[in-house]
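K.L.:
Okay, predicted coordinates and the sequence, questions at the end:
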Amino acid sequence: MSGKKRHATVIGVPLDYGASKKGASGGPAAVRRANLVEGLEALGLEVTDAGDLSVPKIVPAAKGKLKNGAAILKVCQSLEKQTYEAVANGSVPITLGGDHSLAVGSVSGVSRAFRDKGRKVGLIWVDAHADINTPDSSPTGNVHGMPLAHLLGMGHKDFARMGGFSPKIDPRNVVLVGIRDVDRAEAVNIRKSGIRVFSMQEIDRYGMGVVTEQAIDMASDGTAGFHLSFDIDAVDPGNAPGTGTVKRGGLTYRESHLLMELCADSERMIGLDLVEVNPLEDTQNATAVLASELIASAMGKNIY
């Protein structure tokens, strides 16, 4: 294996049907404009840009327990196949969002590819929100608040059973990092699921280095590696204004990069999502530039 270049596959998912605000559909283009592919190639990676997935045109639903569910399911099924093929071909899939509902597809594909080899995968979910509502518990019906529940086998069966099996990840290998805004019903689902949570309070108390190392250990325990699903709203809006659901008190610029750098150093990351970049809410593409930088850090860019 020495001398063989690492390979990454960039997949854009211009989807915003899972969110209440429009605009995340422009995220993949904005992150690419921030020299994403060039930056990855500068690290010595072989990069395939697979372009954007096709997203069906619909009239978005204003109400419902699973708003725009059929269209989102179709996109996630396409993404599941793409991430599966990337992993099967020895590549690290990098999925650009788009809203966080797409993670049902990306994580399912990565999980299925390793399941074929008799291996489990872990999941590190970095987010201001827990994203563990089900259609019955969600106060809004927005699917981007449900992907983690679906990956854990809760919620709507078509999402939960994507790829033909459920759950996609053993709860003991799932870690939530950076949450600071949780619905009451979600708190119940978190306790019920048994996943580990590092809220902003714990990051403040113990430091991002300690929290990330523990998260990596838990997500790697008995697994082939971990998928990292990073919602840009985990970062404080002072550094990442261009997202749909802002909440003050998030990760600093350096905390965000440190998390990514430590994930790269672990050499255990097998898939990556960078989601919820919304150019309509952004200032001079600053959030997309940060997203591009964070992906580079996760793929091995270091301070020296």
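P.N.:
It's in.

K.L.:
what's the burial count for Lys4?
P.N.:
When neighbours are defined as other Cβ atoms under 10 Å, Lys4 has 8 of them. Placement of C-beta: from N, CA and C, glycine included.

K.L.:
Doesn't Ser229 belong to a strand?
P.N.:
Yes. Ser229: assigned to a strand according to DSSP: H, G, I helix; E, B strand; the rest coil.

K.L.:
surely it meets Val121?
P.N.:
No. Using Cβ atoms under 8 Å, Ser229 makes no contact with Val121, being 11.7 Å away.

K.L.:
would you list every one of the strands in this protein?
P.N.:
Counting by DSSP state E, the segments of the chain that form strands are 7-13, 46-52, 92-97, 122-126, 174-179, 196-199, 226-231, 269-275.

K.L.:
Now mean pLDDT too, for those strands, in JSON lines please.
P.N.:
Output for the strands of the chain, formatted as JSON lines (pLDDT from 0 to 100):
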{"stretch": "strand 7-13", "mean pLDDT": "98"}
{"stretch": "strand 46-52", "mean pLDDT": "98"}
{"stretch": "strand 92-97", "mean pLDDT": "98"}
{"stretch": "strand 122-126", "mean pLDDT": "98"}
{"stretch": "strand 174-179", "mean pLDDT": "98"}
{"stretch": "strand 196-199", "mean pLDDT": "98"}
{"stretch": "strand 226-231", "mean pLDDT": "98"}
{"stretch": "strand 269-275", "mean pLDDT": "98"}
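
K.L.:
Columns distance to Gly64 and mean neighbour count on top of those strands, output as JSON lines?
P.N.:
Shown next, in JSON lines, are those (distance: least, Cβ to Cβ, whole Å; neighbours: other Cβ atoms under 10 Å):
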{"stretch": "strand 7-13", "distance to Gly64": "21", "mean neighbour count": "23"}
{"stretch": "strand 46-52", "distance to Gly64": "26", "mean neighbour count": "16"}
{"stretch": "strand 92-97", "distance to Gly64": "21", "mean neighbour count": "29"}
{"stretch": "strand 122-126", "distance to Gly64": "25", "mean neighbour count": "29"}
{"stretch": "strand 174-179", "distance to Gly64": "25", "mean neighbour count": "25"}
{"stretch": "strand 196-199", "distance to Gly64": "28", "mean neighbour count": "19"}
{"stretch": "strand 226-231", "distance to Gly64": "23", "mean neighbour count": "28"}
{"stretch": "strand 269-275", "distance to Gly64": "22", "mean neighbour count": "27"}
